[in-house]
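Q: coords please:
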Amino acid sequence: MLVAALLLLPLIGLLVVDFYWSGSTPGVWLLPLGITTLVLATEEVIDLVRSTGRRVVAWPVYTGVVAIFSASYLPGLWILSGSPYPVDCPLGRWGWPLVMTVIAVGLVLGQEILACQGARGVVERMASGCFVITYVALPFCFLTQLRLFHDNRWGMAALVSVVFVTKLSDVGAYASGRLWGRAKMCPHLSPNKTWVGAMGGVVAAGLAAWCYFQWVTPWMITDPGPHATWWGALLFGGLLAIAGIVGDLSASMLKRDAA
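A: Predicted coordinates:
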């Protein structure tokens with residue numbers, strides 16, 4: 001928990017810089033951090049897959065994940081041309097990373113075609129490479145789209161809401177699990193996770209989301225528009241908490257498989 005708090009401080013500073021000094025291109029200060037984190041995450045997942053004895057050709061995977069993430073930020077880079085991103089673009093905002101995902105899969109396939117000498121293992125290498133690409137790159141695209149939502153203020157409020165709610169959900173899950181947790185959720189994957197801790201995390205996330213939309217959002221957005229309903233805030237927080245639990249368990253599953 002202490003390490004997470006120390007790592008959170010530079011992130012908060014970078015969010016402040018991006019909020020006040022990004023100009024007309026929201027997220028431009030966060031883009032290098034996103035690419036660096038993406039590359040490190042890709043390296044970790046590749047190592048996990050290789051630890052299971054499966055083979056992964058690294059260079060098309062790294063190229064693919066960076067290309068997909070960069071494509072998701074294309075609407076932000078479009079602004080640098082001096083014109084806003086066209087609202088009637090056939091690909092919209094999600095079309096670019098999806099098209100790049102297809103290209104990245106084709107890159108993995110092309111590498112196998114060029115390197116194939118009749119040996120077995122092509123399907124295994126392709127499946128492993130495509131798994132790493134989709135597992136790492138596509139979730140990062142959600143963060144990019146949140147930052148580019150509507151305008152600078154709306155986008156930052158959307159992005160910070162995910163960080164804020166997720167972290168307080170972790171705190172709630174840890175505290176309730178330590179105090180009252182007995183029944184294990186998935187002891188074969190994560191021995192420390194309990195059902196009480198999971199419920200505590202969901203409750204904490206819902207309360208955090210309500211507080212965020214009640215007080216923080218009106219401060220960040222000068223024209224907040226419709227006021228968030230209490231049930232909408234609770235639903236938003238609960239879904240984020242559940243997504244975090246599933247993400248933690250999936251990471252634990254990969255690590256167990258690689259052990």
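Q: Which strand in this structure has the most residues?
A: strand 190-194 (DSSP state E).
Q: what comes up buried for that strand?
A: In terms of neighbour count (16 or more other CB atoms under 10 Å), strand 190-194 has its buried residues at 190, 193, 194. (C-beta placed from N, C-alpha, C; glycine too.)
Q: Can you verify my assumption that the last one contacts residue 179?
A: No. Applying CB atoms under 8 Å, one finds residue 194 not in contact with residue 179, separated by 10.3 Å.
Q: next helix or strand past the helix or strand of the chain with the lowest mean pLDDT?
A: Within the chain, no helix or strand scores below helix 2-21, which has a mean of 77 by mean pLDDT, DSSP states H and E. Of the helices and strands lying after helix 2-21 in sequence (DSSP states H and E), the nearest is helix 31-51.
Q: could you give the angle of that following helix to helix 2-21?
A: 140 degrees (axes from the mean of the first three to the mean of the last three CA atoms, to 10 degrees).
Q: Off-centre distance for helix 31-51?
A: Chain-centre distance of helix 31-51: 12 Å, with CA atoms, centre = their mean, to the nearest Å.
Q: CA atoms of that helix as CSV?
A: C-alpha atoms of helix 31-51 as CSV (Å, rounded to 0.1, in the frame of the first residue of the first chain):
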residue,chain,number,x,y,z
LEU,A,31,1.2,10.1,-23.7
PRO,A,32,4.9,9.3,-23.0
LEU,A,33,3.9,7.8,-19.6
GLY,A,34,1.3,5.7,-21.3
ILE,A,35,3.7,4.3,-23.9
THR,A,36,6.3,3.6,-21.3
THR,A,37,3.8,1.8,-19.0
LEU,A,38,2.5,-0.1,-22.0
VAL,A,39,6.0,-1.4,-23.0
LEU,A,40,6.8,-2.5,-19.5
ALA,A,41,3.4,-4.3,-19.2
THR,A,42,4.0,-6.0,-22.5
GLU,A,43,7.5,-7.1,-21.4
GLU,A,44,6.0,-8.6,-18.2
VAL,A,45,3.2,-10.5,-19.9
ILE,A,46,5.6,-11.8,-22.6
ASP,A,47,7.9,-13.1,-19.8
LEU,A,48,4.9,-14.7,-18.1
VAL,A,49,3.8,-16.5,-21.3
ARG,A,50,7.4,-17.6,-22.0
SER,A,51,7.6,-18.9,-18.4
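Q: quick one, strands of this protein?
A: 184-186, 190-194.
Q: quick revisit: in its sheet, what does the longest strand of the chain sit against?
A: Strand 190-194 sits in its sheet next to strand 184-186 (antiparallel), going by DSSP bridges.
Q: so where's this structure uncertain?
A: 1-7, 80, 117-119, 224-227 (pLDDT under 70).
Q: One more pass at 80, please.
A: 1-9, 23-24, 77-84, 116-120, 222-228, 259 (pLDDT under 80).
Q: wait, doesn't residue 18 sit right on residue 32?
A: No. Residue 18 lies out of contact with residue 32 (CB under 8 Å); the separation is 10.8 Å.
Q: And the residue nearest to residue 111 when sequence neighbours are not counted, how far from residue 101?
A: Of all residues not flanking residue 111 in the chain, residue 60 sits nearest, at 4.8 Å (CB to CB, 6 or more residues apart in numbering). Here residue 60 is placed at a distance of 13 Å from residue 101 (CB to CB, to the nearest Å).
Q: quick one: contacts for the residue lying closest to residue 160 once chain neighbours are set aside?
A: Spatial nearest neighbour of residue 160, excluding adjacent residues (CB to CB, 6+ apart): residue 15 at 6.5 Å. The contact partners of residue 15, by CB atoms under 8 Å, 6 or more residues apart in numbering, come to 30, 156, 159, 160, 163.
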